[in-house]
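Asks: Below are the sequence and a predicted model for it; my questions follow.
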Amino acid sequence: MKDNVKISIVDEKEKYEKVKLVKPNIIYNRFDIKYNGSFDVLKIEYNGEVQYVSFHIDEKKYCFIGLYMTDIEQVVFNNMLDFLTRKFKKIRRFKLLQCRAKHPELDDKVCWMLDLPDTVEEYWAQFSAKSRYNRKREFKKLCESFNISFEYYKKEDLTESIIKRFFDFKQETKDDVYYDLSGKGINLFLSNFFNLTDTYVLKINGNIEAIIFYSITDSQVLYCENMAYNKEFASYNIGQVLFYYSVEKLIERKFKCLYVGGGNYEYKRNCHAIKYDTGNGIIKAQRIHKKILNWLFECVNSGEYKIITLFGIKLKFRKGKRRKLKIPFMNKILVYNNVLGTKNRINVLYKNKKRRLIFMHPDSILNIEGNNNTVNFHFKTGMFPKGLKLKIDGSNNNIDIYKSSFEDATIKMYRDDNTLLIKQQSFQPIANATIYVGYGGSIFIGEDCELGNGGLELAVAGDYKEKHKMVIGDHTHIARDAIIRTSDGQSLIDPKTNLPTDPPQDVIIGNHVWIMSRCIILKGSYLADGCAVAANSLVNKQFVEQNVLIGGTPAKVMKKNIRWDSPYGKYMERLEKEGK
């Protein structure tokens with residue numbers, strides 16, 4: 001292997017012993033427990049050290065790699081993916097959970113780990129005097145108000161009534177079949193959390209009011225699977241009370257390391273857990289043809305004189321000359337490698353001529369899963385835009401993008417019948433922006449707009465019965481960290497009718513509008529032509545009068561008959577040149 005990394009597959013007879021050496025030795029890395037023997041183990045040698053990693057390939061040709069919170073060098077990670085891609089030709093995707101190595105296709109996640117000391121006294125000594133006082137005060141308050149007790153259950157002693165109680169707590173905050181007792185909720189729960197080994201519960205007046213589940217392998221590390229409690233006792237912090245009690249018992253049982261999952265929950269910070277930045281998601285297997293084409297792409301854009309013979313075809317590139325490259329049998333391989341489904345079309349339209357996309361920049365991502373999706377780039381060159389991550393999960397979606405540049409911008413489409421139109425942008429690139437379109441929504445962005453300079457979020461969602469849209473007019477300037485939405489994200493339900501009380505509404509922004517930094521534009525908003533919105537404002541209604549300054553939370557008209565233009569320095573320079 002390159003970079004002095006040596007990788008091999010452990011023999012079938014030894015894999016059951018070597019899999020116990022994976023680090024950290026928790027359930028999400030122990031594929032011998034998780035997949036009942038349908039797994040293999042990699043032996044990785046690098047810089048005099050040996051590391052073992054388990055993996056499993058399912059019937060869908062997905063390769064699951066056990067790298068949950070594993071301390072792995074980036075060069076080792078890259079070589080491991082190359083090795084598996086070459087060794088197993090059938091692999092289409094790599095799936096990883098809380099991986100500490102970096103990859104552009106992984107979504108950023110946060111994971112927490114708690115080092116457990118030798119004694120309970122050492123653990124509490126890590127807390128400040130104020131924190132220790134607060135923990136004792138909470139526990140004392142609970143004991144004075146109720147009759148409380150703690151119980152411990154092993155896996156074989158876990159009853160269905162405890163699981164049902166857990167479901168009752170979860171249903172208070174989650175509307176999901178995962179916690180739906182009327183369906184297959186319990187079976188789905190048990191199938192996903194088959195590895196539950198230890199359970200601690202908190203009883204108040206004889207009733208279970210808080211539950212915490214742990215998964216323990218044959219090592220000194222363990223994983224906190226899930227926790228739930230009765231919201232009626234939230235003021236007593238019974239969730240934290242049970243968590244700290246269980247940690248004390250785990251320390252007494254000589255465990256050394258506790259993984260408490262992802263999220264930015266307060267109790268994880270308060271209990272002195274260590275925060276790690278990790279990645280979740282799916283990585284497409286990069287075959288040799290894609291690596292060749294990425295290298296070929298660099299040759300085309302290097303500006304050097306080159307003559308390359310590839311598969312018997314002579315390719316000639318020369319600085320200053322118009323470069324043409326026609327490799328018909330590779331066009332589909334390059335761009336459509338990440339497209340799943342039927343009748344999906346990615347076209348380049350220029351001067352009423354249509355052709356297929358040829359090149360895709362290595363820094364860009366294209367993922368499509370669905371049917372009858374159409375993406376049209378109205379560019380002169382047949383190249384997927386640099387710095388754009390385009391993900392479509394649905395069918396019958398349409399995207400039209402005219403001449404525009406991107407820097408780390410993301411476009412995501414969910415469900416069916418969505419539309420996105422971005423007209424020609426001649427100002428700054430669309431940078432660090434995220435555009436969401438779902439449930440039959442539409443976004444129309446006019447010409448010569450300046451969008452975001454970083455942190456912009458546009459989100460449109462329909463409501464199944466009625467399609468909703470967001471319109472941004474021509475020559476509109478939107479500063480950084482602005483948020484524009486046509487819905488609230490979640491739904492507020494009327495308990496009498498069981499129907500949502502806050503349906504989505506259209507957002508219309510006129511021509512030549514200036515939205516300053518950190519503004520929030522909510523559903524149903526309307527901004528007339530020539531308006532300016534002051535920084536940190538929240539707009540939640542319609543402003544039909546043109547050329548007004550709007551500001552405040554909620555926003556109101558602050559000044560009328562205004563006219564805005566380019567930044568002060570540029571504007572004064574222009575006036576000076578005009579002799580005014």
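Replies: Structure received.
Asks: Identify the residue nearest the geometric centre of the protein.
Replies: Asp107 (4.1 Å; C-alpha atoms, centre = their mean).
Asks: hang on, isn't that one packed against Gly281?
Replies: Yes. Using C-beta atoms under 8 Å, Asp107 makes contact with Gly281 at a distance of 4.8 Å. All C-beta spots, glycine's among them, are computed from the backbone N, C-alpha and C.
Asks: ok, Lys380 - how many residues close by?
Replies: Other residues lying near Lys380 total 10 when counted by other C-beta atoms under 10 Å.
Asks: Same check on Thr410?
Replies: Thr410 has 17 nearby residues by other C-beta under 10 Å.
Asks: And it, how far from Leu388?
Replies: 8 Å (C-beta to C-beta, to the nearest Å).
Asks: again with Val19
Replies: When distance is defined by C-beta to C-beta, Val19 is 40 Å away from Leu388.
Asks: again with Ala234
Replies: Taking C-beta to C-beta, one finds Ala234 at 44 Å from Leu388.
Asks: out of these two, which sits in the more crowded spot?
Replies: Neighbour count, other C-beta under 10 Å: between Ala234 and Leu388, Leu388 has more, with 24 against 10.
Asks: can you tell me which residues contact that one?
Replies: By C-beta atoms under 8 Å, 6 or more residues apart in numbering, the residues touching Leu388 are 364-365, 406, 409-411.
Asks: let's see it at 7 Å
Replies: Counting by C-beta atoms under 7 Å, 6 or more residues apart in numbering, Leu388 makes contact with 364, 406, 409, 411.
Asks: If the closest residue to Ala534 other than its chain neighbours is in a bridge, with which residues?
Replies: Nearest residue to Ala534 in three dimensions, chain neighbours excluded: Gly551, at 3.1 Å (C-beta to C-beta, 6 or more residues apart in numbering). With DSSP bridges as the criterion, Gly551 is bridged to Lys556.
Asks: Pretty sure Gly551 sits against Asn536.
Replies: No. Here Gly551 does not reach Asn536: they are 8.3 Å apart, not a contact under C-beta atoms under 7 Å.
Asks: Neighbour count: those two, which is higher?
Replies: Set side by side, Gly551 and Asn536 show more neighbours around Gly551, with 19 against 14, by other C-beta under 10 Å.
Asks: Domain map for the chain?
Replies: Following automatic domain parsing, one finds the domains of the chain at 2-105+280-284, 117-255, 437-580.
Asks: Now mean pLDDT and distance to Asn372 too, for these, in JSON lines please.
Replies: JSON lines is the format used below for the domains of the chain (pLDDT from 0 to 100; distance: least, C-beta to C-beta, whole Å):
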{"stretch": "domain 2-105+280-284", "mean pLDDT": "89", "distance to Asn372": "22"}
{"stretch": "domain 117-255", "mean pLDDT": "83", "distance to Asn372": "28"}
{"stretch": "domain 437-580", "mean pLDDT": "87", "distance to Asn372": "14"}
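Asks: between the ones you listed, which one is nearest to Asn396?
Replies: Nearest to Asn396, of all the domains of the chain, is domain 437-580, at 9.5 Å by C-beta to C-beta.
Asks: now, which of the contacts of Leu388 lie within strands?
Replies: 406, 409, 411 (DSSP state E).
Asks: Redo those as a markdown table? Include neighbour count.
Replies: As requested, the ones in strands among the contacts of Leu388 are exported to a markdown table (neighbours: other C-beta atoms under 10 Å):
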| residue | neighbour count |
| --- | --- |
| Phe406 | 24 |
| Ala409 | 23 |
| Ile411 | 23 |
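Asks: of all those, which comes closest to Lys496?
Replies: Among the ones in strands among the contacts of Leu388, and counting by C-beta to C-beta, the member closest to Lys496 is Ile411, at 39.2 Å.
Asks: Give me the pLDDT value at the closest one.
Replies: With respect to pLDDT, Ile411 scores 92.
Asks: Tell me the bridge partners for it.
Replies: Leu390, Ile435.
Asks: Flag every buried residue along whichever helix in the chain runs longest.
Replies: The residue-count maximum for a helix in the chain (DSSP state H) belongs to helix 129-145. Buried residues in helix 129-145, counted by 16 or more other C-beta atoms under 10 Å: 135, 138-139, 142.
Asks: and which of the residues you listed is nearest to Asn561?
Replies: Nearest to Asn561, judged by C-beta to C-beta, of the buried residues of helix 129-145 is Glu138 at 58.2 Å.
Asks: wait, what's in contact with that closest one?
Replies: Listed by C-beta under 7 Å, 6+ apart, the contact set of Glu138 reads 236-237, 241.
Asks: next one: Ala479
Replies: 453, 515-517.
Asks: Just the C-alphas of stretch 24-43, formatted as PDB.
Replies: Extracted in PDB, the C-alpha atoms of stretch 24-43 (Å, rounded to 0.1, in the frame of the first residue of the first chain):
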ATOM      1  CA  PRO A  24     -13.200   1.500  21.200                       C
ATOM      2  CA  ASN A  25     -14.600  -1.900  22.000                       C
ATOM      3  CA  ILE A  26     -18.300  -0.900  21.900                       C
ATOM      4  CA  ILE A  27     -21.300  -2.500  20.200                       C
ATOM      5  CA  TYR A  28     -21.100  -0.300  17.100                       C
ATOM      6  CA  ASN A  29     -17.600  -1.600  16.300                       C
ATOM      7  CA  ARG A  30     -18.200  -5.200  17.400                       C
ATOM      8  CA  PHE A  31     -19.600  -6.600  14.200                       C
ATOM      9  CA  ASP A  32     -19.400 -10.200  15.600                       C
ATOM     10  CA  ILE A  33     -22.200  -9.200  17.900                       C
ATOM     11  CA  LYS A  34     -24.100  -6.900  15.600                       C
ATOM     12  CA  TYR A  35     -24.100  -9.100  12.400                       C
ATOM     13  CA  ASN A  36     -24.000 -12.600  13.800                       C
ATOM     14  CA  GLY A  37     -20.700 -13.700  12.100                       C
ATOM     15  CA  SER A  38     -21.300 -12.000   8.700                       C
ATOM     16  CA  PHE A  39     -18.300  -9.700   9.000                       C
ATOM     17  CA  ASP A  40     -14.600  -9.500   8.400                       C
ATOM     18  CA  VAL A  41     -11.700  -7.700  10.100                       C
ATOM     19  CA  LEU A  42      -9.000  -5.600   8.600                       C
ATOM     20  CA  LYS A  43      -5.500  -5.600  10.000                       C
END
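Asks: show me where the stretch 101-250 of the chain has helices.
Replies: With helices called from DSSP state H, counting those that start in this stretch, the stretch 101-250 of the chain shows them at 120-125, 129-145, 160-171, 185-192, 238-252.
Asks: cool, the stretch 351-500 of the chain as well?
Replies: Under DSSP H, counting those that start in this stretch, the stretch 351-500 of the chain gives no helices.
Asks: So what's the residue count around Asp494?
Replies: Using other C-beta under 10 Å, Asp494 is surrounded by 10 other residues.
Asks: any idea how far it is from Glu12?
Replies: With C-beta to C-beta as the criterion, Asp494 and Glu12 are 60 Å apart.
Asks: Can you report how many residues lie near Tyr350?
Replies: 14.
Asks: for Arg100, same thing?
Replies: By other C-beta under 10 Å, 19 other residues sit near Arg100.
Asks: With adjacent residues omitted, what lies nearest to it?
Replies: Nearest residue to Arg100, sequence neighbours excluded (C-beta to C-beta, 6+ apart): Thr278, at 5.4 Å.
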